[in-house]
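> Using only what follows, build the 3D model:
(2 chains)
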Amino acid sequence: MVSSILPLRIHAAEVKRRGTRLIGPIDLTLGGTGITIVLGPNGSGKTTLLRLMHGLERPAHGGLDWSIPEEEARGSRSFVFQTPTMMRRSVTDCIAYALRVAGTKRAEARARAREVATHVGLRHALDRSAQVLSGGEKQKLALARALIRDPEVLFLDEPCANLDGRATREIETILTDARSRGTRIVMSTHDLGQAARLADEIVFMLNGCVRELNGAETFFEKPATPEAHAFLNGQIVE
Amino acid sequence: MPFRPSARMVSRANVFDAKHKETPLPMNEILEGLVEAAKLIAAFDPELVEITLRSLQVTITAVVIAAAIGLPLGAWLAVMRFRSRRLVIALLNALMGLPPVVVGLIVYVLLSRSGPFGVLGLLFTPTAMIIAQVIIVTPLIASIAHQAIRDLWSEYHDLLISLNTTKRQRVATLLWDARRALLTACLAGFGRGIGEVGAIMIVGGNIDNATRVLTTAIALETGKGNFALALGLGFVLIALAIAVNLLMHSLSRTERSGTW
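Got it, this is the predicted structure:
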């Protein structure tokens, strides 16, 4: 039986770059199911928090613990970047790559990649170069590449930041589908409407710190902090 | 006031004219060289075929060995972080300008009878020429490969780390995805090798039917004053370099499909 990597416990974690604090100290526990949306203005530390959780940033102080050792937990989580990296390969090979590096044989990985690509709406582009896809298609490819490993936790850094309404809706459909299949999703966004549509839980960040952690309904109806209140009202918070 | 050359200038011009009265115009020599090249190719001259094939054999073998060393080295330098990395990269870049004559001399000393590898009896053989060319070409291929892969690595870094890839997988991925740029690195290496004369002249000896290649043949004919033949061989060499480049691009399907 495969044991769950959740809950994730972050305790007094700080990320610094060249001596400057980017985020922290942060205390946060991520467990359960559903979608957690990380909200906050530009520079509040949303991306750094996601990168810290995924292991792309190392804490200068404090730490974070998955329920199983980090080495084992790595294979059970995926990350989708705001600007997806398109490898110089076909769409199928780009998606299959995530399985190939995990040890799956080429034919099997490609067959599974075609299935997942079809699921996210890239069936028409299976043999095309990933480099020539549109912005929405690139983000779908990145999602397919992240989902093909059946991650328990999926991190997304503003996946719809540069997409139009239709592409955003398609991405959201893929995400809600993944949630219904049990994937725990942690996603940052600027879009309050998207947060309201998707979130089960909200993490509100400001100046590198978590200012509020609440259920989505409570956050949108009765934010606990004046900063969150101001942010929801469209005011500039610093 | 009209320009009037001084007596000294007139005297110098007369000396120049006297010196070059007997020699044909340079343009004629180039034309004669082109005609000679056409004749050599049309006649399928056996000697030309032999030295051309030897040129190709030596350089292609050297480039294949240099690529096997230089491409992984370039990728490794792009991915790895260690204390003296910058020094190694600077050294590699500096070695791109390695004087072939010095390389030839060093290889000569190493392979000569009294040298440490003299017992192998490789001096004045195509193998010695390949060794010299590998030393000349490897830094060039490694350096170009490093620059191409470094750019790709900065693009792929977060993705490959997030997918929990091993260092070996990262190097393999970067080598595969940068294959077009690496082909250019190999072609640059081929260009340097096929046109090289200093080192292979020293370690090969330009022996007829044994180690003579196009460049050493050109040097020999020039020394004998057979400019037309030398130029003819030169045009064959240029045509060969172009043909190999076109063939490689054709086989690798560059500039055909969309962006890969």
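
> Extract the C-alpha trace of stretch A:113-125 and format it as PDB.
Output of stretch A:113-125 as PDB, limited to C-alpha atoms (Å, rounded to 0.1, in the frame of the first residue of the first chain):
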ATOM      1  CA  ALA A 113       1.000  10.300 -22.800                       C
ATOM      2  CA  ARG A 114      -1.400  10.100 -25.800                       C
ATOM      3  CA  GLU A 115      -4.200   9.200 -23.400                       C
ATOM      4  CA  VAL A 116      -3.500  12.100 -21.100                       C
ATOM      5  CA  ALA A 117      -3.000  14.500 -24.000                       C
ATOM      6  CA  THR A 118      -6.400  13.500 -25.300                       C
ATOM      7  CA  HIS A 119      -7.900  14.000 -21.900                       C
ATOM      8  CA  VAL A 120      -6.600  17.600 -21.700                       C
ATOM      9  CA  GLY A 121      -7.700  18.400 -25.300                       C
ATOM     10  CA  LEU A 122      -4.400  18.000 -27.100                       C
ATOM     11  CA  ARG A 123      -5.400  15.100 -29.300                       C
ATOM     12  CA  HIS A 124      -5.100  17.200 -32.500                       C
ATOM     13  CA  ALA A 125      -1.400  18.200 -31.700                       C
END
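
> Enumerate the positions of that stretch that are buried.
Neighbour counts over stretch A:113-125 (16 or more other Cβ atoms under 10 Å in any protein chain shown) mark A:113, A:114, A:116, A:117, A:119, A:120, A:121, A:122, A:125 as buried. For glycine as for every other residue, the C-beta is placed from the backbone atoms N, C-alpha and C.

> Include pLDDT, distance to residue A:30 and secondary structure when you put the residues you listed into a markdown table, please.
Shown next, in a markdown table, are the buried residues of stretch A:113-125 (pLDDT from 0 to 100; distance: Cβ to Cβ, whole Å; DSSP: H, G, I helix; E, B strand; the rest coil):
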| residue | pLDDT | distance to residue A:30 | secondary structure |
| --- | --- | --- | --- |
| A:113 | 97 | 29 | helix |
| A:114 | 96 | 32 | helix |
| A:116 | 95 | 25 | helix |
| A:117 | 95 | 29 | helix |
| A:119 | 92 | 26 | helix |
| A:120 | 92 | 25 | coil |
| A:121 | 92 | 29 | coil |
| A:122 | 94 | 30 | coil |
| A:125 | 94 | 34 | helix |
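
> between these, which is nearest chain B?
Among the buried residues of stretch A:113-125, residue A:125 lies closest to chain B (Cβ to the nearest Cβ), at 11.6 Å.

> How about that closest one: what's its closest non-neighbour residue?
Setting aside the residues directly before and after it, residue A:125 is nearest to residue A:91 in space (Cβ to Cβ, 6 or more residues apart in numbering or on different chains), at 4.9 Å.

> Tell me the spacing between that neighbour and residue A:162.
Residue A:91 sits 19 Å away from residue A:162, going by Cβ to Cβ, to the nearest Å.

> Look at these two and report which has more neighbours.
Here residue A:91 and residue A:162 are compared on neighbour count by other Cβ atoms under 10 Å in any protein chain shown; more neighbours surround residue A:91, at 29 against 14.

> Regarding residue A:38, what is its secondary structure?
Three-state assignment for residue A:38 (DSSP: H, G, I helix; E, B strand; the rest coil): strand.

> Contacts only, for it.
A:46, A:49, A:50, A:186, A:187, A:188, A:189, A:203, A:205 (Cβ atoms under 8 Å, 6 or more residues apart in numbering or on different chains).

> Equivalent analysis for residue A:74, please.
A:55, B:164.

> Quick check: it is in a helix.
Yes - residue state for residue A:74 (three-state DSSP) corresponds to a helix.

> all strands of chain A, in order?
Along chain A, counting by DSSP state E, strands occupy A:8-17, A:20-30, A:35-39, A:61-65, A:77-80, A:153-157, A:184-188, A:201-206, A:209-215.

> Tell me where the longest helix sits in chain A.
The residue-count maximum for a helix in chain A (DSSP state H) belongs to helix A:165-180.

> what helices or strands is that helix leaning on?
helix A:135-147, strand A:184-188, helix A:192-198 (3 or more Cβ pairs under 8 Å, 6 or more residues apart in numbering or on different chains; DSSP states H and E).

> Need the residues that contact it.
A:33-35, A:119-121, A:135-136, A:139-140, A:143, A:147, A:154, A:156, A:159-160, A:163, A:185, A:187, A:191, A:194, A:197-198.

> Now which of those residues would you call buried?
Applying 16+ other Cβ under 10 Å to the contacts of helix A:165-180 flags A:35, A:119-121, A:136, A:139-140, A:143, A:147, A:154, A:156, A:159-160, A:163, A:185, A:187, A:194, A:197-198 as buried.

> I'd say residue A:183 and residue A:149 touch.
No - checked against Cβ atoms under 8 Å, the pair residue A:183 and residue A:149 is beyond contact range at 10.7 Å.

> Ramachandran angles for residue 59?
Assuming you mean chain A. phi -70, psi 140 (degrees, to the nearest 10).

> nope, chain B
Phi and psi for residue B:59, reported as degrees, to the nearest 10, are phi -70, psi -40.

> isn't it right next to residue B:190, touching?
Yes - counting by Cβ under 8 Å, residue B:59 sits close enough to residue B:190 to count as a contact (6.1 Å).

> Indicate which one of the helices and strands packed on helix A:165-180 is closest to chain B.
helix A:135-147 (8.3 Å).

> Please identify which of the strands of chain A is closest to residue B:166.
strand A:77-80 (17.4 Å; Cβ to Cβ).

> The closest one pairs with which strands?
strand A:153-157 (parallel) (DSSP bridges).

> How far does the strand it pairs with sit from its chain's centre?
Its chain's C-alpha centre and that of strand A:153-157 lie 2 Å apart, by Cα atoms, centre = their mean, to the nearest Å.

> From the rest of the structure, what touches it?
By Cβ under 8 Å, 6+ apart, the list of residues contacting strand A:153-157 reads A:5-6, A:8, A:30, A:46-47, A:50-51, A:53-54, A:76-82, A:143, A:146-147, A:175, A:178, A:183-188.

> low-confidence ranges in the stretch 101-250 of chain B?
Scanning the stretch 101-250 of chain B for pLDDT under 70 picks out nothing.

> How about the residues of it by chain A?
Counting by Cβ under 8 Å from any Cβ of the partner chain, the stretch 101-250 of chain B comes close to chain A at B:155-156, B:158-159, B:161-166, B:169, B:173, B:177-178, B:180.

> if we go to 7 Å?
B:155, B:156, B:158, B:159, B:161, B:162, B:163, B:164, B:165, B:169, B:177 (Cβ under 7 Å from any Cβ of the partner chain).

> Near chain B, which residues of chain A are found?
Checking chain A against chain B by Cβ under 7 Å from any Cβ, the hits are A:54, A:56, A:74-75, A:79, A:81, A:85, A:87-89, A:98, A:101, A:129, A:131-132.

> one more time with 8 Å
So chain A meets chain B at A:54, A:56, A:74-75, A:78-79, A:81, A:85, A:87-89, A:97-98, A:101-102, A:128-129, A:131-132 (Cβ under 8 Å from any Cβ).

> quick one: residue B:52 and residue B:214 touch, right?
Yes - look at residue B:52 against residue B:214 with Cβ under 8 Å: they come within range, at 6.2 Å.
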